[in-house]
Structure formats: C-alpha cells, structure tokens
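Peer 1: give me the fold of what follows.
(chains A and B)
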Number of protein chains: 2
Amino acid sequence: MESPMELGEKEWFACCGSVKFAQEMASAGPFSNYEEALSAARDIWFNKVDVNGWLEAFAAHPQIGDSPSKNHKSPTSAQWSKGEQSTALATATDSTLQELYEWNARYRQKFGFVFLIFAAGRSTPEILAEIKKRYNNRPIVEFELAAKEQMKITKLRLSKLFPANAETAKATPY
Amino acid sequence: MESPMELGEKEWFACCGSVKFAQEMASAGPFSNYEEALSAARDIWFNKVDVNGWLEAFAAHPQIGDSPSKNHKSPTSAQWSKGEQSTALATATDSTLQELYEWNARYRQKFGFVFLIFAAGRSTPEILAEIKKRYNNRPIVEFELAAKEQMKITKLRLSKLFPANAETAKATPY
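Peer 2: Predicted structure coming up:
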C-alpha cells in the first residue's frame, strides 16, 4: 500500500467539476488507496451531490469533439479531457466531426446540458451512434445516464491520482 | 362538449411554472376538453421539458406552510396554492408549523429545491411524515418524485380551467 498522497479540493475538482463533490472528498479523505477514494467518490456523487451539482459537473466538460482548453476551470481536467478524446479525434473525419457538432447542438437543445460520454478508447462513429440513440431518451432518463457516464470519467481520473492502482480501474465499469 | 376556452401561455404557466411547458401547451392547443389538455400536459412535462425546466417549475412554488403571495410570478398560481394548502393550514399548530419550517430548510439544503407535495386535502402531520420519509431518498430519486407531485398539482389546476370536467380530475392519481 502506498502512502497517502497530498490530495486536496483542487485534485478532486479536476476529477469531477462539482464544488460540493470536491469539498466532500476533501473532508472524507485522506484515502490510503485508490479503492477507498473510489468508494467515497461513488457515495458522494450518487447520494450527496444534488441535481444542481450534477449540472455543474456536466458544464465543466467541453463539448465532445471540441477543444477542452477554452473556458476550462481546471487545467488538469482540460489535459485529461484531451487524452480521453484522443481515439475519437484520431478516427474523425471532417464530415463526422461536422455531424457530431450538429448532434451536440440538438442534444443540448433538448436536454439543456452537454452530451457526456466516457470517450476513452471510443471512435467518432461509435460516439455518433451513441448520441443518436440517447437523443431519444426522456430528459430524466438521460440525466441519470449522463451522471453514470460522469462517474466512469471520474473513476478513470481518480486512478491517475493513484498510479499504483491504475490497472484495477479498468476491470469494473464504474 | 364545451367550446374551447381562450387559454394562453399565462394560464398554462399558472398550472406549471416552466416557460417551456407554457409555450408548448400554447402551441399544442387549443384543446376541446380537459382530457385533451391533460394528455398534452403529461407528454410535455415528462418528455419535452428538460431538467432545468423542472427546477424552474419547482422554484415557482412557495415553501409549504409559507404564504404564496411574496415573489410569486403568477397571481393565479398564488391563489390556487393558497387553496391547495388550506387543509394543511387548518390542521397546523405553532409547533408543527415550526417543525415543517425546519424540515423544509433541511430538505432544501440536501436537494437544492423546494419540497413539493400535492397538498390538497392533506393535514400538516401527514405532510410532516412525508417530508421526513422523502428526505432519505437519493437526490435523483427525489427529483423524479417531485416532478410527479408537480404533475398532480398541474392536473388539479388544469381541471379548474375546464370546470365542466373538474370531477373527472379526482378519479386518477396523475
């Protein structure tokens, strides 16, 4: 077991952009390993952060296919976001990027928040298929689904704060 | 069948304080009777109004036990709200009102929106029991539950716009 790292609100906020999430993680810690931090994160995200906090965290993400650098509240999060979207960007063409851009706008128009997907390792055609499918959901169904995608992203990012445990992170969905 | 009434955004907004709801009702109408209006209202509320619209509609309600007159965007809604809470107010004592006030504050602190309940015909002790029970819910569960309570309130208010059909309104839950 590695010794606890010096992790504070700034690092937790980079994992999930809700102030309440970051504050609750800071007061629940320090954690002696990744599993402990993940367990606390799940409890805080699904049981303690309210719906306004979910919307706040969603708003911290760039639109998929867009550069995460502009208006980003956390430089660490911006850098991670870029890495998470690397497969998508490598498999994108001008026309699929244009289609994704249009679907992002339709999605935001219907649901009132950005389309959120655990993008790591997913190609642009896969992401396009997902956004088209999810667009048909009722707003409340999509809201909860987006929160689960956020938890997958949070989980991957937490694993980067505990490098020794990064492999474990891949084994379970969220 | 009565002839269609002159109903516009103002009346729909008094039934449910989401601008999107009022606009969609206005463009879906005119309705020739209560059942038609109710069916459209359900579809719009659960399938078209997004989570921000739900929060907007919740915010249009006074805290239960409070006077609805201050800061109310719709005078009709304020008057209806007063009537809906008449049983609660008639059964309230200073100490139950104080307890309700404290639980409302706890509820809002946890969930980020006002405690919403279809109050018509319910006593203050009943409402107190409900808020204590619902306080234990996960935020997303409570969010959807509040939206269902809003639909019950909307339904009762719609029936007042179609007086000939007011009796039918009592037969089904929402």
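Peer 1: so the biggest helix by length in chain A versus helix B:139-161, what angle?
Peer 2: Longest helix of chain A, by residue count under DSSP state H: helix A:139-161. Inter-element angle recorded for helix A:139-161 and helix B:139-161: 160 degrees (by axes from the mean of the first three to the mean of the last three Cα atoms, to 10 degrees).
Peer 1: hmm, helix A:139-161 touching chain B?
Peer 2: Yes. Helix A:139-161 lies within reach of chain B by Cβ under 8 Å from any Cβ of the partner chain, at A:139-140, A:143-144, A:147. Placement of C-beta: from N, CA and C, glycine included.
Peer 1: most neighbours, which of these?
Peer 2: Note: the member of those with the most neighbours is A:F143, at 23 neighbours, neighbours being other Cβ atoms under 10 Å in any protein chain shown.
Peer 1: do a quick rundown of the helices in chain A.
Peer 2: Secondary structure of chain A (DSSP H): helices at A:9-15, A:19-28, A:34-43, A:51-59, A:75-84, A:86-90, A:94-111, A:124-134, A:139-161.
Peer 1: adding distance to B:F113 and mean pLDDT, write those out as CSV.
Peer 2: Compiled in CSV, the helices of chain A are given as follows (distance: least, Cβ to Cβ, whole Å; pLDDT from 0 to 100):
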stretch, distance to B:F113, mean pLDDT
helix A:9-15, 23, 95
helix A:19-28, 15, 97
helix A:34-43, 22, 97
helix A:51-59, 8, 97
helix A:75-84, 27, 81
helix A:86-90, 35, 77
helix A:94-111, 18, 93
helix A:124-134, 25, 95
helix A:139-161, 14, 97
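Peer 1: dump those helices to TSV, plus distance to B:S95.
Peer 2: Shown next, in TSV, are the helices of chain A (distance: least, Cβ to Cβ, whole Å):
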stretch	distance to B:S95
helix A:9-15	40
helix A:19-28	32
helix A:34-43	35
helix A:51-59	32
helix A:75-84	49
helix A:86-90	59
helix A:94-111	44
helix A:124-134	49
helix A:139-161	37
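Peer 1: nearest to B:K73, of the ones you listed?
Peer 2: Nearest to B:K73, of all the helices of chain A, is helix A:51-59, at 20.1 Å by Cβ to Cβ.
Peer 1: what does chain A have sitting close to chain B?
Peer 2: Counting by Cβ under 8 Å from any Cβ, the positions of chain A adjacent to chain B are A:46-55, A:110-113, A:138-140, A:143-144, A:147.
Peer 1: pull out the buried members of the residues you listed.
Peer 2: A:46, A:48-55, A:110-113, A:139-140, A:143-144, A:147 (16 or more other Cβ atoms under 10 Å in any protein chain shown).
Peer 1: contact partners for A:A14?
Peer 2: A:74, A:76-77, A:80, A:157 (Cβ atoms under 8 Å, 6 or more residues apart in numbering or on different chains).
Peer 1: make it 10 Å
Peer 2: Taking Cβ atoms under 10 Å, 6 or more residues apart in numbering or on different chains as the contact definition, A:A14 lies against A:22, A:60, A:73-81, A:154, A:157, A:160-161.
Peer 1: number of residues surrounding A:D94?
Peer 2: The burial metric for A:D94, expressed as a neighbour count using other Cβ under 10 Å, is 7.
Peer 1: what angle do the longest helix of chain A and helix A:124-134 make?
Peer 2: Between helix A:139-161 and helix A:124-134, the angle formed by their directions is 140 degrees, by the same axes, to 10 degrees.
Peer 1: dump helix A:139-161 to PDB, restricted to CA.
Peer 2: Once side chains and other backbone atoms are set aside, the C-alpha atoms of helix A:139-161 remain, and they are given as PDB (Å, rounded to 0.1, in the frame of the first residue of the first chain):
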ATOM      1  CA  PRO A 139     -34.900  14.000 -20.200                       C
ATOM      2  CA  ILE A 140     -34.900  12.400 -16.700                       C
ATOM      3  CA  VAL A 141     -33.600   9.100 -18.100                       C
ATOM      4  CA  GLU A 142     -30.800  10.900 -20.000                       C
ATOM      5  CA  PHE A 143     -29.900  13.000 -16.900                       C
ATOM      6  CA  GLU A 144     -29.300   9.900 -14.800                       C
ATOM      7  CA  LEU A 145     -27.400   8.200 -17.700                       C
ATOM      8  CA  ALA A 146     -25.100  11.200 -18.000                       C
ATOM      9  CA  ALA A 147     -24.400  11.100 -14.300                       C
ATOM     10  CA  LYS A 148     -23.300   7.500 -14.700                       C
ATOM     11  CA  GLU A 149     -21.000   8.400 -17.600                       C
ATOM     12  CA  GLN A 150     -19.600  11.200 -15.400                       C
ATOM     13  CA  MET A 151     -18.800   8.600 -12.700                       C
ATOM     14  CA  LYS A 152     -16.900   6.500 -15.300                       C
ATOM     15  CA  ILE A 153     -14.800   9.500 -16.200                       C
ATOM     16  CA  THR A 154     -14.300  10.400 -12.500                       C
ATOM     17  CA  LYS A 155     -13.100   6.800 -11.900                       C
ATOM     18  CA  LEU A 156     -10.500   6.900 -14.700                       C
ATOM     19  CA  ARG A 157      -9.300  10.300 -13.400                       C
ATOM     20  CA  LEU A 158      -9.100   9.100  -9.800                       C
ATOM     21  CA  SER A 159      -6.900   6.200 -11.000                       C
ATOM     22  CA  LYS A 160      -4.400   8.700 -12.300                       C
ATOM     23  CA  LEU A 161      -4.100  10.200  -8.800                       C
END
